[in-house]
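**Student:** Could you look at this predicted model? Sequence included:
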Amino acid sequence: MDFNELIKQTRGRRSLLQALGVAAVGISFGGLAACSKKGGKTLANGEEAKLNFYNWDTYIGENTLDNFKEATGVDVTMDLFDSNDVLFAKFKAGNPGYDVIVPSNDFVERMTKADMLLPLDHSLLPNKKNIDPAYINVEYDLQRKFSMPYTWLVTGIGYRKSKVSSPPDSWKVLFDSPEYAGRIAWLSEAGDMFRLYGKYLGKSVNALTPADIATIERMMIKQKPNVKKFHEDDGQDLLLKGDCDVVLEYNGDMAQAMVEDKDIDFVIPKEGSQLNSDNLCIPKGAPHPKNAHAFINYILDANVDKHITETILYPTPNTAARKLMPDSYQNNPVIFPPAEALAKCEYARFDPELQPLFEEAFTRVRAA
């Protein structure tokens with residue numbers, strides 16, 4: 001199937017929850033409580049033939065869960081969440097009954113430090129061999145002790161070509177210029193915004209100081225009158241509807257918008273950017289840890305991940321699966337930016353001292 005045909009069937013990972021107005025409780029397919037009763041079929045591994053999955057919206061293949069049940073006999077119940085904060089809050093008082101979750105990179109680190117995740121048994125994950133080695137020994141989870149990579153993303157500038165004087169190549173157009181006043185959209189996540197401003201100022205996303213935060217806060221307040229909206233990861237929709245002309249957004253979302261509208265483009269600014277990765281983890285207290293390992297290993301299978309990627313159209317770290325995708329996906333420079341651009345990008349680390357400073361400063365910016 002061609003990439004353009006695939007794109008017509010897909011939506012962003014938060015779209016359904018946003019459309020339905022679903023907040024922290026998420027949405028349940030089958031209902032976790034209904035599927036947690038004892039007395040069901042027992043597998044050879046000694047566990048019930050059940051698995052409880054906590055995932056982002058539209059972030060799995062159309063038939064993945066049914067195919068897993070057919071292959072293993074395990075019934076999967078999937079609940080949805082729409083932010084890492086919701087995911088983290090769900091587990092603060094203990095695991096409510098989930099076996100596999102999908103936190104982003106900094107939250108893998110945060111949940112690890114909070115002792116919320118179960119170390120993975122790599123002997124039960126032979127399909128790890130399909131993952132690009134570049135995604136194995138990552139700083140937020142060295143040697144993948146607690147997580148397996150599912151997708152990855154990079155933030156950049158999405159823009160409408162007919163509305164800009166020249167292709168933007170710097171964060172300046174979003175962060176430090178009145179050129180596109182009233183036509184700009186920022187992300188609404190405090191940490192991301194401060195770290196990206198740090199990139200604009202020539203700093204590592206992981207090297208900001210309280211003094212830097214104060215400087216950036218002043219810059220944000222100065223630029224805020226030029227910003228039309230703080231968006232919830234739907235900048236591509238603002239471009240498609242014509243509400244904004246220059247937005248801060250993820251490459252996967254922008255690749256989808258570019259297929260729908262040829263006047264839209266995306267760039268990673270010359271200063272570099274922030275990488276994000278969503279990951280498969282087993283939370284401590286998982287009722288079916290062996291099934292959880294089997295499910296993660298299943299997702300890492302080349303053909304299984306290919307079918308997932310055909311649905312969600314995010315960059316996959318699964319080299320074997322990527323090779324099975326059409327050239328229009330494999331060679332898309334927005335989904336897979338050139339190495340020289342990615343070389344200037346970094347994964348954000350969770351910093352328990354700076355995070356509250358980010359949030360407090362951003363609250364002041366938004367109130368200014």
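**Tutor:** Arrived safely, thanks for sending. This one's a predicted model, so the numbers in the text were calculated from it and none came from an experiment. Numbering: from 1, shown residues only.
**Student:** What residues are bridge-paired with Arg160?
**Tutor:** Beta-bridge partners for Arg160, by DSSP bridges, are Ile264.
**Student:** got it, and Val247?
**Tutor:** Beta-bridge pairing of Val247 under DSSP bridges involves Gly158, Ala185.
**Student:** What are the phi and psi values at the residue minimising distance to the centre of the chain?
**Tutor:** Nearest to the geometric centre of the chain sits Asp278, at 4.8 Å (Cα atoms, centre = their mean). Dihedral angles of Asp278 (phi, psi; degrees, to the nearest 10) stand at phi -100, psi 140.
**Student:** My read is that it contacts Asp106, right?
**Tutor:** No: contact criterion Cβ atoms under 8 Å: Asp278 and Asp106 do not qualify, at 11.2 Å. For the C-beta atoms, the positions are set from N, CA and C on the backbone; glycine is no exception.
**Student:** Asp121 versus His231, what's the distance?
**Tutor:** Computed as Cβ to Cβ, to the nearest Å, the His231 to Asp121 distance reads 40 Å.
**Student:** for Val74, that is, sorry about that
**Tutor:** 17 Å.
**Student:** more crowded one of the two?
**Tutor:** Using other Cβ atoms under 10 Å as the criterion, Val74 and Asp121 rank with Val74 on top: 25 against 11.
**Student:** so where is the stretch 51-200 of the chain shaky, pLDDT-wise?
**Tutor:** Within the stretch 51-200 of the chain, not a single segment meets pLDDT under 70.
**Student:** Do a quick rundown of the helices in it.
**Tutor:** Secondary structure of the stretch 51-200 of the chain by DSSP state H, counting those that start in this stretch: the helices cover 64-72, 84-91, 105-113, 172-175, 190-200.
**Student:** And for Asn63, the neighbour number?
**Tutor:** The burial count for Asn63: 13, using other Cβ under 10 Å.
**Student:** residues contacting it?
**Tutor:** By Cβ atoms under 8 Å, 6 or more residues apart in numbering, Asn63 lies in contact with His307.
**Student:** ditto for Val365
**Tutor:** Glu217, Met220, Ile221, Lys224.
**Student:** Report how many residues lie close to the first one.
**Tutor:** Looking back up the chat, that one is Glu217. Using other Cβ under 10 Å, Glu217 is surrounded by 20 other residues.
**Student:** Secondary structure of it: a helix, I assume?
**Tutor:** Yes: membership of Glu217 in a helix is supported by DSSP: H, G, I helix; E, B strand; the rest coil.
**Student:** mind checking how far it is from Ala367?
**Tutor:** Separation of Glu217 from Ala367 (Cβ to Cβ): 12 Å.
**Student:** just to revisit the earlier point, looking at the helices of the stretch 51-200 of the chain, spot the one closest to Phe336.
**Tutor:** Closest to Phe336 of these is helix 105-113 (Cβ to Cβ; 18.2 Å).
**Student:** Check which helices and strands that closest one sits against.
**Tutor:** Here helix 105-113 is seen to pack against helix 84-91, strand 274-280 when contacts are counted using 3 or more Cβ pairs under 8 Å, 6 or more residues apart in numbering; DSSP states H and E.
**Student:** What residues sit buried inside the first one?
**Tutor:** This points to helix 84-91. Buried residues in helix 84-91, counted by 16 or more other Cβ atoms under 10 Å: Asn84, Val86, Leu87, Phe88, Lys90, Phe91.
**Student:** Helices of the stretch 251-368 of the chain, start to end?
**Tutor:** Going by DSSP H, counting those that start in this stretch, the stretch 251-368 of the chain shows helices at 251-260, 289-299, 302-312, 319-322, 327-330, 339-342, 354-367.
**Student:** and this protein, what are its domains?
**Tutor:** 3-152+277-330, 153-275+337-367 (automatic domain parsing).
**Student:** and Gly30, what pLDDT?
**Tutor:** For Gly30, the pLDDT comes out at 43.
**Student:** Could you do Leu357 as well?
**Tutor:** 97.
**Student:** burial measure for it, as a count.
**Tutor:** So Leu357, with other Cβ under 10 Å, has 20 neighbours.
**Student:** One more: Trp171?
**Tutor:** Trp171: 23 neighbours (other Cβ under 10 Å).
**Student:** Could you do the one 4 residues further on as well?
**Tutor:** Taking other Cβ under 10 Å as the neighbour definition, Phe175 ends up with a count of 25.
**Student:** I'd assumed Lys222 was in contact with it.
**Tutor:** No: using Cβ under 8 Å as the test, Phe175 is too far from Lys222 to be in contact (9.8 Å).
**Student:** could you measure Ala339 against Ile268, distance?
**Tutor:** 11 Å.
**Student:** Neighbour count: the two, which is higher?
**Tutor:** Between Ala339 and Ile268, counting by other Cβ under 10 Å, Ile268 is the more crowded of the two (22 against 7).
**Student:** which residues does the more buried one contact?
**Tutor:** Taking Cβ under 8 Å, 6+ apart as the test, what Ile268 contacts is Val154, Gly156, Ile157, Asn251, Pro337, Ala341, Leu342, Lys344, Cys345.
**Student:** For it, report the pLDDT, please.
**Tutor:** pLDDT at Ile268 comes out at 98.
**Student:** Tell me the spacing between it and Ala367.
**Tutor:** In terms of Cβ to Cβ, Ile268 sits 31 Å off from Ala367.
**Student:** Next, show the common contact partners of Phe175 and Lys222.
**Tutor:** By Cβ under 8 Å, 6+ apart, no residue touches both Phe175 and Lys222.
**Student:** how deep is Leu142 tucked in, by neighbour count?
**Tutor:** Quick note: Leu142 (other Cβ under 10 Å) scores 10 neighbours.
**Student:** how far away is it from Thr112?
**Tutor:** 10 Å.
**Student:** Check Phe266 too.
**Tutor:** In this view, Phe266 and Thr112 are 32 Å apart by Cβ to Cβ.
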